[in-house]
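A.B. asks: Return a 3D structure for these sequence lines:
(chains A and B)
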Amino acid sequence: MLVPARIYATPTVLQSMDSGVFDQVTNVACLPGIQRYALCMPDGHWGYGFPIGGVAAFDVREGIISPGGVGYDVNCGMRLIRTDLTLADVQPRLERLMTELFRRVPAGVGAGGSVKLTRGDLNAVMAEGARWCVEQGYGWHRDLARIEEGGRITGADPSAVSDQAVSRGINQLGTLGSGNHYLEVQVASNDRIFDSTTAAALGITGHDQIVIMVHCGSRGFGHQVASDYLKVFAKAMRRYGISVKDQQLACAPFRSPEGQEYFTAMNCAANTAFANRQVITHHVREAFSAVFGPSAEELGMELVYDVAHNIAKVERYPEGDLLVHRKGATRAFGPGSMALSPEFQTTGQPVICGGSMETGSYLLVGTDQAVSDTFGSTMHGSGRTMSRAQAKKQVRGEQLQQQMKQRGILVKAVSMSGLAEEAGFAYKNISDVVETVERAGITKKVAELRPIGNIKG
Amino acid sequence: MASSFRFLEDIALADIAFEAEGDSPEDLFRGATQALIETMADPLTVSNSWTRHITKTDEELGALLFDWLSEMVYWKDAAGVVFHAAPLTLKWTQGKWTLCGTLAGAPVNHQVQELRNDVKGITKHLYRVEETGTHWRATVVVDV
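C.D. replies: Numbers count the residues shown, from 1 in each chain, chains lettered A, B, ... in the order given. Next up, the predicted model:
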């Protein structure tokens, strides 16, 4: 190991982690150019190469870049939209709302999006991200200030992306996908707001306020980019004399031609993911307006924030410029960070953490301590503790859907077996995970958000 | 047993893993192909309105299976289809394996098809193709 491994966990959270986490974070600590620590957040679990919840920073001159450290669903991330509606407004029309959202936001296997792109359009999406969407009428200009990097990461070159990735991605803009991706209607109640000043500054006013959370990424497009460059890196490693303990840790020196090419292709996928969530937001706003009458602007449907949790970015730390890999980990910059929009200078960067569809999610904010301790990073969700096959043995999708309805959560799902795989008991208790990062000082709780409606692929 | 498969519970916590077996390499490919088809949708609910013939060659059997399964994932997204069946032949000639397969399926339609998992890719994690005395076995983890 070139650096120590550091896992953030309470004894309870540590016991729930699978043993793969410990092996994988140890492997990461052996990669060339790694700085300070190989980190794992409390929602960590086994992943491909790096653990999910893994954070590792590499010197840009001596270090590597690895698709396994980014995650194959490049810029999988979270988006939170506020409204002026309350539970009392929405409850009577919840069934109709969920039907409308399910109709407008395609989900599940092979679902195509409503936005028809030419190859030229997709190139523009890769380069411009959410900005392209806003220019095409899929959103508001002020949305961009509330997206990490303004919804557009610079240095994205579509020529580094394969034709296969383009073919997989060209029909997927504005789609949720499946697995653990979702669109959720949630409630912010007064008794679950932990910092009312920060919450209010972010547009969360409580009083059973309705908000919408979106979790998805770059879909098949991002995965193809990762697969393409894993092959490139497998050959490149021999040339650069790099050996790794797991094929899924394939990497290349960041400054090498292969490393730079992957970085620019990854940025294309990241921008496509920002665009994906932007188009979904547009359809969510349309659905709410169709069900409740007033326009989305009149309903106060402003973006709270959009943040990636599968990405690698160059950031400046005391050691110099570092390439920070966050895989199933969220950037968590504190107040005053130059990287944040003016909106977040006093609050710190919003951090959106999704729990299971049965338990709830959290809005948090980043801290200065995260910047000093964890390369400005924190958790991203609750983390699984049970395999999909095991979850399906314990409950059927239809049964779970009925149980959730009795508890006041309406679920629309394309796949009933996929729904069973996402049952709440298959995940860690998100509150335990959130308490860990709060006690560690790397994020501060703002509000807990309770689900009342969920769309799954 | 000509070919068979079973889903594995104890690996790939967030994803899906299967083990396929066959009396021959060709049967092994059939078992793994069926496992992937059934990961994405119930093939009995999918018609045959879309087909694509595919030929692939490789000197190494494991690399060829990986490439073939990845091709199925590609067409799932590129054509927006799920599969009913994928009959195939596999031959060893002139120092390499040649696979000729036909993907048969239909455009995704959740009104009539029982859709399951949107597979994003085949991974190298624990990936293995091996001869075990009397038959062949593959372990595959797919990212969903």
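A.B. asks: For residue 87, which residues are in contact?
C.D. replies: No chain was given, so I picked chain A. By Cβ atoms under 8 Å, 6 or more residues apart in numbering or on different chains, the contact set of A:Leu87 is A:187, A:208, A:210, A:452. Every C-beta, even on glycine, is put in place using the N, C-alpha and C of the backbone.
A.B. asks: Switch to chain B, please.
C.D. replies: B:101-102, B:104.
A.B. asks: Quickly note the distance from it to A:Val109.
C.D. replies: 22 Å (Cβ to Cβ, to the nearest Å).
A.B. asks: Now for B:Thr93, how many residues are close by?
C.D. replies: 8 (other Cβ atoms under 10 Å in any protein chain shown).
A.B. asks: per-residue pLDDT, it?
C.D. replies: Turning to B:Thr93, the model gives it a pLDDT of 93.
A.B. asks: Dig out what it forms beta bridges with.
C.D. replies: B:Lys96 (DSSP bridges).
A.B. asks: where exactly do the helices run in chain B?
C.D. replies: Using DSSP state H, the helices of chain B run over B:25-40, B:61-78.
A.B. asks: correction: the stretch 201-350 of chain A
C.D. replies: Remark: helices assigned in the stretch 201-350 of chain A by DSSP state H, counting those that start in this stretch are A:219-240, A:257-292.
A.B. asks: Count the residues that sit near the residue in the stretch 251-400 of chain A positioned nearest to chain B.
C.D. replies: Residue of the stretch 251-400 of chain A nearest chain B, by Cβ to the nearest Cβ: A:Ala389 (4.2 Å). A:Ala389 is flanked by 18 other residues according to other Cβ under 10 Å.
A.B. asks: The one 4 residues further on too?
C.D. replies: Summarising burial for A:Lys393: neighbours were counted as other Cβ under 10 Å, giving 12.
A.B. asks: Now do the same contact list for it.
C.D. replies: A:Lys393 makes contact with B:Glu9, according to Cβ under 8 Å, 6+ apart.
A.B. asks: Confirm that it sits in a helix.
C.D. replies: Yes: assessed by DSSP: H, G, I helix; E, B strand; the rest coil, A:Lys393 belongs to a helix.
A.B. asks: Which helix or strand contains A:Val166?
C.D. replies: Using DSSP states H and E, A:Val166 falls within helix A:163-169.
A.B. asks: Put the alpha carbons of that helix into PDB.
C.D. replies: Output of helix A:163-169 as PDB, limited to C-alpha atoms (Å, rounded to 0.1, in the frame of the first residue of the first chain):
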ATOM      1  CA  ASP A 163     -19.800   5.000 -32.400                       C
ATOM      2  CA  GLN A 164     -21.100   2.200 -30.200                       C
ATOM      3  CA  ALA A 165     -21.600   4.600 -27.300                       C
ATOM      4  CA  VAL A 166     -23.300   7.100 -29.600                       C
ATOM      5  CA  SER A 167     -25.700   4.400 -30.800                       C
ATOM      6  CA  ARG A 168     -26.500   3.300 -27.300                       C
ATOM      7  CA  GLY A 169     -27.100   6.900 -26.100                       C
END
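A.B. asks: Is there any residue in it that contacts chain B?
C.D. replies: Yes: using Cβ under 8 Å from any Cβ of the partner chain, helix A:163-169 reaches chain B at A:164, A:167-169.
A.B. asks: Turn the contacts of A:Leu87 into TSV, columns for distance to chain B and neighbour count.
C.D. replies: TSV is the format used below for these (distance: Cβ to the nearest Cβ, whole Å; neighbours: other Cβ atoms under 10 Å in any protein chain shown):
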residue	distance to chain B	neighbour count
A:Val187	27	23
A:Asp208	33	18
A:Ile210	27	29
A:Ile452	23	21
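A.B. asks: about what we covered before: let's have the contacts of B:Pro87 in CSV, adding neighbour count and distance to A:Gln401.
C.D. replies: What follows is the contacts of B:Pro87, written out as CSV (neighbours: other Cβ atoms under 10 Å in any protein chain shown; distance: Cβ to Cβ, whole Å):
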residue, neighbour count, distance to A:Gln401
B:Gly101, 21, 37
B:Thr102, 14, 37
B:Ala104, 21, 32
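A.B. asks: Nearest to chain A among those?
C.D. replies: Taking these together and measuring to chain A by Cβ to the nearest Cβ, the closest member is B:Ala104, at 15.2 Å.
A.B. asks: Help me confirm that the closest one comes into contact with B:Asn48.
C.D. replies: Yes: counting by Cβ atoms under 8 Å, B:Asn48 is a contact partner of B:Ala104 at 4.7 Å.
A.B. asks: picking that back up, following element in sequence after the helix holding A:Val166, please.
C.D. replies: Heading C-terminal from helix A:163-169 (DSSP H and E), you reach strand A:182-188.
A.B. asks: which parts of that following strand are buried?
C.D. replies: Buried residues in strand A:182-188, counted by 16 or more other Cβ atoms under 10 Å in any protein chain shown: A:182-188.
A.B. asks: same question, stretch A:321-337
C.D. replies: In terms of neighbour count (16+ other Cβ under 10 Å), stretch A:321-337 has its buried residues at A:322-335, A:337.
A.B. asks: Show me which residues of chain B sit near chain A.
C.D. replies: B:7-16, B:40-41, B:70, B:73-74, B:76-78, B:80-82, B:107-108, B:110, B:114-118, B:120-121, B:123-125, B:127, B:143-144.
A.B. asks: For chain B, which element, helix or strand, carries the lowest mean pLDDT?
C.D. replies: Of all the helices and strands that make up chain B, strand B:121-131 has the lowest average by mean pLDDT, DSSP states H and E, namely a mean of 92.
A.B. asks: starting at the chain centroid, how far to that one?
C.D. replies: Relative to its chain's centre, strand B:121-131 lies at 12 Å (Cα atoms, centre = their mean, to the nearest Å).
A.B. asks: same thing with stretch A:173-188?
C.D. replies: The answer for stretch A:173-188 is 11 Å, by Cα atoms, centre = their mean.
A.B. asks: And for stretch A:87-95?
C.D. replies: Offset of stretch A:87-95 from its chain centre (Cα atoms, centre = their mean): 28 Å.
A.B. asks: Spatially, and excluding backbone neighbours, which residue is closest to the residue nearest the centre of chain A.
C.D. replies: Geometric centre of chain A, nearest residue: A:Gly77, 1.8 Å, by Cα atoms, centre = their mean. The spatially closest residue to A:Gly77, leaving aside those adjacent along the chain, is A:Ala308, at 4.2 Å (Cβ to Cβ, 6 or more residues apart in numbering or on different chains).
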